[in-house]
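1. build the 3D model from these lines:
(one chain, ligands or ions: 1)
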Amino acid sequence: MEFIEKCEEKLIEKFKNIDDVSYYNQVKVLNAFRNNNIAVRHFNGTTGYGYDDEGRDCLGKLYAEAFGAESGIASPHLLSGTHALTVALFGILRPKDTLFCISGIPYDTLRGVIYGDNNGSLKDFGVNFKYCELKDGCFDFDEIKKSLDKSVKIVYIQRSRGYELRDAFSCGQIGEACKFLRSIGYDGCIFVDNCYGEFVEKKEPTEVGADIIVGSFIKNAGGGLAPTGGYICGKSKFIDLIGKRLTAPSIGLEVGSYFNGYQYLYQGLFLAPHTVAQALKTSLLIGQAMDALGYKNYPSIDKTPYDITRAIEFGSEDKMIDFIREVQYASPVDSYVTCEPWDMPGYSDKIIMAAGTFVSGSSIELSADGPVKPPFIAYFQGGLTYEHGKYALERILSKIK
Ligand SMILES: *Cc1c(COP(=O)(O)O)cnc(C)c1O
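-> Next comes the predicted model:
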């Protein structure tokens, strides 16, 4: 505990900045609720077609407003981040269009969506794909300019690192990329996978030039309370197209019921700025401690984090697995379970995952995972309360000391 307290002392200034962002975003979200006259009736569930489902429609408006976007879809029927991204991509892209990713190779589960063979991927429908590597961890503007041709309908940016070792992009960097793309005449859609980035900064990508942002409710944007779902926010012309893909081309966003009601989705958005602050502080504490013990971890402790994830390099399979198991043992749910690596759908390597969470698989709750392959990196994220993160760290330290 003494060692942890020393780590905390070094983080005082950083924690103050996190509190400042959290306060700003709390007010931003609260104003969205107030401006839309949210009332108890919005929490009611509906059945069947869900015509005039006010709860559904207003939730989309709230997310749009909180993210500085024109319109939004926020729905329990977006089943995960991958599904929300898939619906958004299929909504906008048409045969012969090109999807161009400028942040390196996209997240594992998106690869099958984009260029899988005979599985209903974008490629199966005649959509081309290309990507360019980052240069020293930043966008490679020369390469982007060279590769950008008339067929590019979507420029795709993944904000968070996924299972790569690079740091997340700040909205400053994303804004620069948007400005650059427009300056060289690009007029297609700028699309951001915003997973793990929501409420980490005072701005979202849609406030610095992105046309569409997408994320999951069992990560930052659901505040730890949303039981499932995701959001897609941005320019109305794209949201309309995406709505027709989410339901049917003749129907769009007029239908969709949810019998359980929307209270936890609304309340989750309300809590999200605070929850994200808890997760960020937890991530910094773990980072500071692991750094002091000589474990390389990212983003490095002297840098401002732009998402809630932390990658910790163990260089040893046993140590990585021990770390992940301790996170599970420190959890409120399934604490008696010992994690094992397995072949998870959508991933090419065996993955080991600790998620002793109230919401199944939620990674805004304290969780850790990673592909079991050298150099044995664990990806750590979440924490509904900082105190929980601190307790997990205490256990980890006594295990690996
Ligand atoms: C988690 C994640 C996804 C996919 O979200 P799921 O909800 O796990 O399907 C996509 N992109 C990034 C960067 C992610 O971190």
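
2. Met320: neighbour count?
-> 25 (other C-beta atoms under 10 Å). Every C-beta, even on glycine, is put in place using the N, C-alpha and C of the backbone.

3. for it, which three-state class applies?
-> helix (DSSP: H, G, I helix; E, B strand; the rest coil).

4. kindly report the same for the one 5 residues further on.
-> Assigned with three-state DSSP, Arg325 falls in the helix class.

5. please name the nearest non-neighbouring residue to it.
-> The shortest distance from Arg325 to any non-neighbouring residue, by C-beta to C-beta, 6 or more residues apart in numbering, is to Cys339 (5.2 Å).

6. since we're on Arg34, how many residues are nearby?
-> Arg34 has 9 neighbours, counted by other C-beta under 10 Å.

7. same thing with Ser121?
-> Ser121: 18 surrounding residues under other C-beta under 10 Å.

8. contacts only, for it.
-> By C-beta atoms under 8 Å, 6 or more residues apart in numbering, the residues touching Ser121 are Gly112, Val113, Ile114, Tyr115.

9. these two touch, right, Ser257 and Gly48?
-> Yes: with contact defined as C-beta atoms under 8 Å, Ser257 reaches Gly48; the gap is 5.8 Å.

10. those two: who's more crowded?
-> Shown here are Ser257 and Gly48; by other C-beta under 10 Å, Ser257 has more neighbours (15 against 9).

11. before we move on, the earlier item: could you look up the SS state of the residue nearest to Arg325?
-> coil.

12. what residues are up against it?
-> Counting by C-beta under 8 Å, 6+ apart, Cys339 has contacts Ile321, Ile324, Arg325, Gln328, Ile352, Met353, Ala354.

13. hang on, the fifth one packs against Gly370?
-> Yes: the criterion here is C-beta under 8 Å, and Ile352 meets it with Gly370 at 6.5 Å.

14. shared neighbours, these two?
-> Both Ile352 and Gly370 are contacted by Met320, Ile324, under the criterion C-beta under 8 Å, 6+ apart.

15. what's Pro227 sitting at in phi/psi?
-> Here is the backbone geometry of Pro227 (degrees, to the nearest 10): phi -80, psi -20.

16. show me what contacts the residue in the stretch 51-200 of the chain positioned nearest to the ligand?
-> Relative to the ligand, the nearest point of the stretch 51-200 of the chain is Gly81 (2.4 Å; C-beta to the nearest ligand atom). Going by C-beta under 8 Å, 6+ apart, Gly81 touches Asp193, Cys195, Val214, Gly215, Ser216, Lys219, Gly230.

17. tell me the pLDDT of Tyr163.
-> At Tyr163, the model reports a pLDDT of 87.

18. try Lys401
-> For Lys401, the model assigns a pLDDT of 72.

19. the ligand versus that one, what's the distance?
-> 30 Å (C-beta to the nearest ligand atom, to the nearest Å).

20. measure that residue to Glu2 for me?
-> 13 Å (C-beta to C-beta, to the nearest Å).

21. again with Gly120
-> 56 Å.

22. if you count what's nearby, which of these two comes out ahead?
-> Remark: of Gly120 and Glu2, Gly120 carries more neighbours, 12 against 6, as counted by other C-beta under 10 Å.

23. what strand or helix carries Asp117?
-> For Asp117, there is no enclosing helix or strand under DSSP states H and E.

24. for the stretch 201-350 of the chain, what lies in contact range of the ligand?
-> Within the stretch 201-350 of the chain, the residues that sit near the ligand (C-beta under 6 Å from any ligand atom) are Ser216.

25. smallest gap between the stretch 201-350 of the chain and the ligand, at which residue?
-> Ser216 (4.0 Å).

26. got a list of what His361 touches?
-> Actually, residue 361 is Gly. It isn't His. So Gly361 contacts Ile218, Ala355 (C-beta under 8 Å, 6+ apart).

27. on the three-state scheme, it is what?
-> Under three-state DSSP, the three-state class of Gly361 is coil.

28. number the residues from 46 up from this point.
-> Got it, the first residue is 46 from now on, which makes the last one we talked about Gly406.

29. quick check on it: phi, psi?
-> phi 80, psi 10.

30. report pLDDT for it.
-> For Gly406, the pLDDT comes out at 94.

31. what about the residue of the stretch 96-245 of the chain closest to the ligand, distance to Asn163?
-> Gly126 is 24 Å from Asn163, by C-beta to C-beta.

32. now do Tyr208
-> On the measure of C-beta to C-beta, Tyr208 and Asn163 end up 25 Å apart.

33. just Leu411 next, same as before
-> Following C-beta to C-beta, the distance that separates Leu411 from Asn163 is 39 Å.

34. quick one: average confidence on the helix or strand in which Val132 is found?
-> Using DSSP H and E, Val132 sits within helix 126-137. For helix 126-137, mean pLDDT rounds to 98.

35. starting at the chain centroid, how far to that helix?
-> The chain centroid and the centroid of helix 126-137 are separated by 14 Å under C-alpha atoms, centre = their mean, to the nearest Å.

36. the next helix-or-strand element following that helix pairs with which strands?
-> Using DSSP H and E, the helix or strand that follows helix 126-137 towards the C-terminus is strand 143-146. Using DSSP bridges, strand 143-146 pairs in its sheet with strand 173-176 (parallel), strand 197-203 (parallel).

37. tell me which of the ones you listed lies nearest to Asp285.
-> Shortest distance between Asp285 and the strands paired with strand 143-146, using C-beta to C-beta, is found for strand 197-203: 15.8 Å.
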